[in-house]
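# curious how this folds, go ahead:
(chains A and B)
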Amino acid sequence: MIGDRILGILLLLLAVVYGWEASQFPVPFGGAEEVGPETFPLMLSVVLGLSSIYMIVKPDPDQEWPGVKTLLDLGFVLLVLMIFSAMLAPVGFVISTTLMVGVLCWRMGARPMAAGLTGIGSAVVVYVLFNFVLELHLPAGILELS
Amino acid sequence: METISFLLQGFAVALTPEHLMFAALGAMLGTLIGALPGLGPANGVAILIPLAFSLGLSPAASLIMLTSVYAGAMYGGRISSILLNIPGDEPAMMTCLDGYPMAMKGKAAEALAVSAIASFIGSLLATVGLIILAPILARFALHFGPAEYFALFALAFATLGGITGKNPVKTIVAAALGLMIATVGVDISTGNQRYTYNILELYEGIDFIIAIVGLFAVSELLFFIEKHVGEGLTAAKLNKLNLKMKDIVEILPTSLRGSVLGFISGVLPGAGASLGSFISYTLEKRMVGSKGNFGEGDPRGVAAPEAGNNAAANGALVPMLTLGVPGSGTTAVLLAMLISLNIQPGPMLFTQNAELVWGVIAALLVGNLMLLLLNIPMIGVFVKLLSIPPKYLMPVVTLVAAVGIYSISNSALDLYFMVGFGLMGYLLRKLDVPLVPVILGMLLGPEMELNLRHALTISDGDWTALFSSGLSIGIWIVALAGLLLPYVFGPILRRRMERARDRLEVPEEGD
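Presented below is the predicted three-dimensional model:
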């Protein structure tokens, strides 16, 4: 119940903001016509608005949500993926991948040693496969041999 | 006659050594993806699209490879249904009913072989159906104007939830979200910026491949973590294959019936592979009656849904190729692949890109034969893969997905978007909002808007133009029915499917 209602309220907000922005689009070059860049977005905003109101009025029964600990776990995993994305170019593929895959394996229940080995193994295999066999260049980062 | 000469040309494309190699590679990869836990066919094809791109394969080669992956994943999915009693995706559910009991009786190899043969028959017949039906439908679709297309896209969304869908409003919400994401970027007709907030990377819009990989692959990782399923599962033992000609003959009529039913439900909007396999199984059961021992490991109970679900999967290609309107998640991903290769599916596809389309259809035939030949001797290898624990597998799959996304434009922003879509996918799935309409919205958004504008420009802004022709009214009525029928029939059908599943779980607790 609550889940659907929250989603409904957020979507309603989104629909209003999205529709309002569409109505503020500048008049296109060459003058306004019957159908412009805002027509379709305005339609979508109405459709989404109506359906989100329906969701608020008639919500489905809730799914089971995980506890705080699992939610923290999920947040941690998302954070690891973000850090991986940020590290990839400056630090290099092999190091960031080892860390990312290693930490994820560990969070999913592998022993640290095994997790680390999976990390470094997959990093090296994918790097070699891409750079030398498929000729797609992944960033070498700080390990680059100049 | 014309069709046959086109098909022969198609074979000329598909049978070059290079393309045969890609078909074999795709079939192998596909089976692997289908067999691995947590990776459905849609997921697998999505992860491989950016890779096929960045390798610079020709359109024909990438299409052949990815359609083989698609066919292979359908094959691979049944391995976990039979050996683990865990359906890889929804359509594979019915295969569990008799497949797993067969495996429990020490007939796992036979069950796998029977399902391979039935799948082959299903795909083969459906491909033949596709060859006959697609050109006819394409010719008919040439009469469609912008108003009809707009209605058709609405129909695609309305029926996407399927007749077994739960809450049609959530399908609409998902479709609207996808369409809204599609409007981000520079407007094609006027050059206006929409929702770009002066961020340069957003000018070209958000790449739907990033969305697909994020929504499917990353959210799957999050689900695995939430459920704490890190350990591998022990599969039923594989025995030595002992399949006689008699056994094959016995399942032939079943497979034929299942294929026809599956194909029909694949072509029809809103039915899809789940319903295809369900109808095939239930009708077969009713037909055989008390003579069979359905539910306790009857080979016919494996053959019927397998033929049905593979036929439905190929049948779903008919509306996808001829109208550009996919009917299921996996065909939506195949549509993504076509659009990324700059091929716009639709009636013109059969005239403008005849060589390519027929090449792909021929590749489906070749791929299926290859799969049958590969599957029987190599089944042991695929079974071993089942026991890879997800705690090692899922991180590596995430890595491969991330590398694929990164290789599109070497930008970290794309990866951030992927993670963001992963979170969005997780939350939406948690709230029972289907993800496929989001993808479909992103894919069809630009075309849908273009057709709306054309229709309204022709009529000088008169909205009734959308409902002016008999054809468009007809399509709107079907769309409305597609949205409302689930309210009537949905609960009944779902209860029946539920009951079938319950029956399955009783003997499981007993042992």
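# for the chain, give me the ranges with low pLDDT.
The chain I'm using is chain A. By pLDDT under 70, the low-scoring segments of chain A are A:29-34, A:144-146.
# chain B, not that one
For chain B, applying pLDDT under 70 flags the ranges B:1, B:37-38, B:88-90, B:161-166, B:229-237, B:269-272, B:290, B:490, B:500-511.
# interface residues of the stretch 301-450 of chain B facing chain A?
The stretch 301-450 of chain B comes close to chain A at residues B:389-392, B:394-396, B:398-400, B:402-403, B:406-407, B:410, B:412, B:415-416, B:418-419, B:422-423, B:426-427, B:430-433, B:448-449, as judged by Cβ under 8 Å from any Cβ of the partner chain. C-beta: built from backbone N, CA, C; applies to glycine.
# those in helices, which ones?
B:390-392, B:394-396, B:398-400, B:402-403, B:406-407, B:412, B:415-416, B:418-419, B:422-423, B:426-427, B:430, B:448-449 (DSSP state H).
# just the buried subset of the residues you listed, please.
B:390-392, B:394-396, B:398-400, B:402-403, B:406-407, B:412, B:415-416, B:418-419, B:422-423, B:426, B:430, B:448-449 (16 or more other Cβ atoms under 10 Å in any protein chain shown).
# any idea which helix or strand comes after the helix or strand that contains B:A116?
Per DSSP states H and E, B:A116 falls inside helix B:108-141. Sequence order places helix B:146-160 as the next helix or strand after helix B:108-141, per DSSP H and E.
# just the CA coordinates for that next one, please, in CSV.
The C-alpha coordinates for helix B:146-160 follow below in CSV (Å, rounded to 0.1, in the frame of the first residue of the first chain):
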residue,chain,number,x,y,z
PRO,B,146,0.8,7.8,-39.5
ALA,B,147,-2.5,7.6,-37.6
GLU,B,148,-2.6,3.9,-37.9
TYR,B,149,1.0,3.6,-36.7
PHE,B,150,0.3,5.8,-33.7
ALA,B,151,-2.6,3.5,-32.8
LEU,B,152,-0.4,0.5,-33.4
PHE,B,153,2.2,1.7,-31.0
ALA,B,154,-0.5,2.4,-28.4
LEU,B,155,-1.7,-1.2,-29.0
ALA,B,156,1.8,-2.5,-28.4
PHE,B,157,1.9,-0.9,-25.0
ALA,B,158,-1.6,-1.8,-24.1
THR,B,159,-1.1,-5.5,-24.8
LEU,B,160,2.4,-5.7,-23.4
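# who's in contact with that helix?
Helix B:146-160 has contacts (Cβ atoms under 8 Å, 6 or more residues apart in numbering or on different chains) with B:144, B:168, B:171-172, B:175, B:269-270, B:323, B:325-327, B:434, B:436-437, B:440-441, B:444, B:447-448, B:450-452, B:454-455, B:458, B:465-469, B:471-472, B:475-476, B:478-480, B:482-483.
# by contact count, what packs against the longest helix along chain A?
Assignment by DSSP H gives helix A:68-91 as the longest helix of chain A. Where contact means 3 or more Cβ pairs under 8 Å, 6 or more residues apart in numbering or on different chains; DSSP states H and E, helix A:68-91 is packed against helix A:93-107, helix B:219-227, helix B:390-409, helix B:412-430.
# for B:A313, find the nearest of the ones you listed.
Of all the helices and strands packed on helix A:68-91, helix B:219-227 sits nearest to B:A313, with 20.4 Å by Cβ to Cβ.
# angle of the closest one against helix A:93-107?
Computed by axes from the mean of the first three to the mean of the last three Cα atoms, to 10 degrees, the angle separating helix B:219-227 from helix A:93-107 equals 40 degrees.
# angle of the helix or strand just after helix B:219-227 against helix B:108-141?
Sequence-wise, the next helix or strand downstream of helix B:219-227 (DSSP H and E) is helix B:245-267. Per the same axes, to 10 degrees, the angle that helix B:245-267 makes with helix B:108-141 is 30 degrees.
# check which helices and strands helix B:245-267 sits against.
Contact analysis of helix B:245-267 by 3+ Cβ pairs under 8 Å, 6+ apart lists helix B:108-141, helix B:272-288, helix B:299-315, helix B:317-323 as its packing neighbours.
# do that again at 6 Å, thanks
helix B:108-141, helix B:272-288, helix B:299-315 (3 or more Cβ pairs under 6 Å, 6 or more residues apart in numbering or on different chains; DSSP states H and E).
# from these, which stretch is densest packed?
The highest average neighbour count among those, using mean count of other Cβ atoms under 10 Å in any protein chain shown, belongs to helix B:299-315 at a mean of 34.
# let's see that one as CSV, backbone CA atoms only.
The C-alpha trace of helix B:299-315 is given here as CSV (Å, rounded to 0.1, in the frame of the first residue of the first chain):
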residue,chain,number,x,y,z
PRO,B,299,7.9,-36.9,-21.9
ARG,B,300,4.9,-35.4,-23.7
GLY,B,301,4.5,-33.0,-20.8
VAL,B,302,8.1,-31.8,-21.6
ALA,B,303,7.6,-31.7,-25.4
ALA,B,304,4.4,-29.7,-25.4
PRO,B,305,5.5,-26.6,-23.5
GLU,B,306,8.9,-26.6,-25.1
ALA,B,307,7.6,-26.7,-28.6
GLY,B,308,5.0,-24.1,-27.6
ASN,B,309,7.4,-21.7,-26.1
ASN,B,310,10.0,-21.9,-28.8
ALA,B,311,7.3,-21.5,-31.5
ALA,B,312,5.9,-18.5,-29.7
ALA,B,313,9.3,-16.9,-29.4
ASN,B,314,9.8,-17.2,-33.2
GLY,B,315,6.2,-16.2,-33.8
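# for chain A, which segments are assigned as helices?
A:2-23, A:39-57, A:68-91, A:93-107, A:112-128.
# mean neighbour count and distance to B:E250 added to these, as TSV?
Output for those, formatted as TSV (neighbours: other Cβ atoms under 10 Å in any protein chain shown; distance: least, Cβ to Cβ, whole Å):
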stretch	mean neighbour count	distance to B:E250
helix A:2-23	16	49
helix A:39-57	19	50
helix A:68-91	16	49
helix A:93-107	23	46
helix A:112-128	17	45
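# what is the burial count for B:L256?
B:L256 sits with 17 neighbouring residues when counted by other Cβ atoms under 10 Å in any protein chain shown.
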